[in-house]
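In: sharing a sequence plus its predicted fold:
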Amino acid sequence: MAEELLLQMKGIHKSFPGVHALKGVNFDLRAGEVHALLGENGAGKSTLIKVLGGIYHKDEGEIFIKGKPYDIDSVEMARAVGISIIHQELVLVPWLSIKENIFLGREPQTKLGTVDYGKMYAETKKHLAEFGLTLDPNAMIAELNIAQQQMVEIVKAIAFSSSIVVMDEPTSSLSDKETENLFENVRKLTARGIGVIYISHRMSELDMIADRVTVMRDGEYVGTKIVKETTTDELISMMVGRSMTSYYTRTYNACGETALTVEKLTSARVHDVSFEAKRGEILGFAGLVGAGRSETMEAIFGLDKITSGKVVLNGTEISGQKPEQVLKAGIGFVPEDRRVEGMFSVMDLKFNLTLKVLDEFIHGIRVNAGKEHEIAAKAFKELSVRAPGLDTPIASLSGGNQQKVIIASWLAADPKVLILDEPTRGIDVGAKSEIYAIMNELAKQGVTILMISSDLPEVLNMSDRVVVMCEGTVTKILDHTEATQEKIMQYAVSM
């Protein structure tokens, strides 16, 4: 007997001013399966999910839940028909407890009409136990790590009989172990007959968790494949509309003299970190979550206080300087969390592209608008940012284009050393390829790149050498000719 169709979306259209975001998209979901949704940033995945979740109302098309047609026009209606969406940015209330978050807006009542906290506690404890979680229902959300918060979102979804659960980039902030736990809990959901729509840019996850995969491109449905009967190359070709022989662009050139020396660097979070980076070198940093890679870069850039050791840039010691002084000395820093730390979301591209070089066009109270436009336009063009113009809000761009804008803003300051913390996290394969080409070109021009990445294939394919860290210190430095995933993991788990 065929598996029950939980969801059918037929011929879905959605337009915004100047943009036809969805063009007749088809999608379906069966009971007990994980159906992955793939596509480059801007392909229409998020818009399709927002139509399903009642955030947007479709312009045309049909939606069937368990064979019955619905015109989903609100988030409340979507929840009522069994749809739960776990967004990439979790929407739990941090100052409320686990039980209060799970029952938020649906609190059980006593006979006197007051909130039945006892029932909330008992029901929450039961649902947590079903997933092997020993969390205290009274614990505050703010006290939980990201993986635990994600599980609370899942418990919240199943606590009210959701039959369709959407997960948007659920592993983007998880360690390998936390990802394994998440996948185990996803399998518990599907064992109950719940259907899961899984959105991810990590192609390697599909074999581990997905049954089928649907690809979208430019707001259109491209096709659906059974995961076991397709290949990564085929899916990439469907996503980008062309074959890609390799994500990576890397020409290994002879590196120049030493540009940066870090000697026995110690802060509150790392200790005795030492390495050198040469002109034109991409120096990769690998390690498990908590190994101290980002913390090392924050100390170098002046965001963390250095308690001992020194940092020398082109022969001049810059240890202990403030970030603005480090920037002027010649170091740029593209942070891991681009939305929170890397850009001003409410501002346009021109503002974000020129933020690091204000002194080039602002003198006292005078603003040289022509110079500002010139700087922004040059950066916009050189990194091939895809946007209508410099007055476009940066928040409206795809993740890959946002990342290019952030990189461009640092390049406007002409850095000699550029720190890239997780430069391709959460962006699609086409944008990744463009970022890699930019990194390769910068290295050819003599810029030194310090690249932190949790993606080992990225580290192996883009680095001249790999610095492996564990528990806040360097355990090994490997040349790219000898580095392997096995060797990196060996040094990443042992001191």
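Out: Okay, I see it.
In: in the stretch 1-150 of the chain, which spans are strands?
Out: Secondary structure of the stretch 1-150 of the chain by DSSP state E, counting those that start in this stretch: the strands cover 5-16, 19-30, 34-38, 60-65, 68-70, 83-86.
In: what's the third one packed up against?
Out: Going back to what we said before, that points to strand 34-38. strand 19-30, helix 45-52, strand 195-199, helix 206-209, strand 212-217, helix 232-240 (3 or more Cβ pairs under 8 Å, 6 or more residues apart in numbering; DSSP states H and E). Heads up, the C-betas are built off the backbone N, CA and C, glycines and all.
In: in stretch 391-401, which residues are buried?
Out: 392, 394, 397-401 (16 or more other Cβ atoms under 10 Å).
In: does the spatially most central residue of the chain count as helix, strand or coil?
Out: The chain has Gly426 as the residue nearest its centroid, 3.1 Å off, counting by Cα atoms, centre = their mean. With DSSP: H, G, I helix; E, B strand; the rest coil as the basis, Gly426 sits in coil.
In: residues touching Tyr70, list them.
Out: When the contact criterion is Cβ atoms under 8 Å, 6 or more residues apart in numbering, the partners of Tyr70 are 63-64, 77, 81.
In: specify the beta-bridge partners of it.
Out: Under DSSP bridges, the beta-bridge partners of Tyr70 are Ile63.
In: which pLDDT value goes with it?
Out: With respect to pLDDT, Tyr70 scores 95.
In: next one: Met167
Out: Taking Met167 on its own, its pLDDT is 89.
In: distance-wise, check it relative to Lys487.
Out: 33 Å (Cβ to Cβ, to the nearest Å).
In: name the residue in those two with the higher neighbour count.
Out: Taking neighbours as other Cβ atoms under 10 Å, Met167 and Lys487 compare with Met167 leading, 27 against 16.
In: mind telling me what element that one is part of?
Out: Counting by DSSP states H and E, the element that carries Met167 is strand 164-168.
In: for that strand, the distance to its chain's centre please.
Out: Mean-position distance between strand 164-168 and its chain equals 17 Å (Cα atoms, centre = their mean, to the nearest Å).
In: would you mark the buried spots in the following helix or strand past it?
Out: Downstream of strand 164-168, the next assigned helix or strand under DSSP H and E is helix 176-191. Residues 178-179, 181-183, 185-186, 189-190 are the ones in helix 176-191 that count as buried (16+ other Cβ under 10 Å).
In: what do you get for stretch 16-27?
Out: By 16+ other Cβ under 10 Å, the buried positions in stretch 16-27 come out as 21-23, 25, 27.
In: what's the neighbour count on Ser319?
Out: Ser319 has 18 neighbours, counted by other Cβ under 10 Å.
In: for it, which three-state class applies?
Out: coil.
In: roughly how far apart are it and Thr307?
Out: Distance of Ser319 to Thr307, computed by Cβ to Cβ: 10 Å.
In: cool, and Gly11?
Out: From Gly11 to Thr307 the distance is 62 Å (Cβ to Cβ).
In: re the thing from before, closest to Asp211 out of the buried residues of stretch 391-401?
Out: Closest approach between the buried residues of stretch 391-401 and Asp211, by Cβ to Cβ: Gly399, at 26.1 Å.
In: got phi/psi on that closest one?
Out: Phi and psi for Gly399, reported as degrees, to the nearest 10, are phi -60, psi -40.
In: show me where pLDDT drops low in the chain?
Out: 1-3, 41, 88-90, 172-175, 242-246, 339-340, 342, 494-495 (pLDDT under 70).
In: what number of residues lie near the nearest residue to Asp28 once chain neighbours are set aside?
Out: Closest residue in space to Asp28, ignoring its immediate chain neighbours: Gln8 at 4.7 Å, by Cβ to Cβ, 6 or more residues apart in numbering. Using other Cβ under 10 Å, the number of residues around Gln8 comes to 16.
In: from Ser454, how far out is Gln8?
Out: 37 Å.
In: for Thr448, same thing?
Out: From Thr448 to Ser454 the distance is 21 Å (Cβ to Cβ).
In: next one: Thr190
Out: Taken as Cβ to Cβ, the span from Thr190 to Ser454 is 27 Å.
In: with Glu374 instead?
Out: Distance from Glu374 to Ser454, by Cβ to Cβ: 37 Å.
In: again with Thr110
Out: Taken as Cβ to Cβ, the span from Thr110 to Ser454 is 48 Å.
In: same question, Lys177
Out: 13 Å.
In: next: Asp116.
Out: From Asp116 over to Ser454 the distance is 43 Å, taken as Cβ to Cβ.
In: of those two, who's got more company?
Out: Set Asp116 next to Ser454 and count neighbours by other Cβ under 10 Å: Ser454 wins out with 19 against 16.
In: contact partners for the more buried one?
Out: Residues near Ser454 by Cβ under 8 Å, 6+ apart: 289, 422, 425.
In: ok, Val273 next?
Out: 262, 264-266, 292, 296, 309, 469, 472-474.
In: what subset of those residues is buried?
Out: 262, 265-266, 292, 296, 309, 469, 472-474.
In: and Thr484, its phi and psi?
Out: According to degrees, to the nearest 10, Thr484 has phi -140, psi 160.
In: looking at it, it is touching Leu460, isn't it?
Out: Yes: at 7.4 Å, Thr484 counts as touching Leu460 under the criterion of Cβ atoms under 8 Å.
In: out of those two, which sits in the more crowded spot?
Out: Set Thr484 next to Leu460 and count neighbours by other Cβ under 10 Å: Leu460 wins out with 20 against 12.
In: correct me, but the more buried one touches Gln485?
Out: Yes: in this structure, Leu460 is within contact of Gln485 by Cβ under 8 Å, at 6.9 Å.
In: if I look at the residue lying closest to Tyr56 once chain neighbours are set aside, how far off is Gly32?
Out: Distances taken as Cβ to Cβ, 6+ apart place Lys50 nearest to Tyr56, at 4.6 Å, with adjacent residues excluded. Distance, Lys50 to Gly32, by Cβ to Cβ: 25 Å.
In: got it, and Val115?
Out: Applying Cβ to Cβ to Val115 and Gly32 gives a distance of 35 Å.
In: what's the answer for Leu38, then?
Out: According to Cβ to Cβ, Leu38 stands 21 Å off from Gly32.
In: coming back round to it: redo the buried residues of stretch 16-27 as CSV? Include distance to Pro335.
Out: As requested, the buried residues of stretch 16-27 are arranged in CSV below (distance: Cβ to Cβ, whole Å):
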residue, distance to Pro335
Ala21, 29
Leu22, 32
Lys23, 35
Val25, 34
Phe27, 35
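In: what's the most distant pair in those?
Out: Spatially, the most separated pair among those is Ala21 and Phe27, at 14.5 Å (Cβ to Cβ).
In: got the CA coordinates for the helix or strand containing Leu353 in PDB?
Out: With elements taken from DSSP H and E, the one containing Leu353 is helix 349-354. C-alpha atoms of helix 349-354 as PDB (Å, rounded to 0.1, in the frame of the first residue of the first chain):
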ATOM      1  CA  LEU A 349      24.500  48.200   0.300                       C
ATOM      2  CA  LYS A 350      26.300  51.600   0.000                       C
ATOM      3  CA  PHE A 351      26.200  52.100   3.800                       C
ATOM      4  CA  ASN A 352      27.500  48.500   4.500                       C
ATOM      5  CA  LEU A 353      30.100  48.600   1.700                       C
ATOM      6  CA  THR A 354      31.700  51.800   3.000                       C
END
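In: next helix or strand past it?
Out: strand 362-363.
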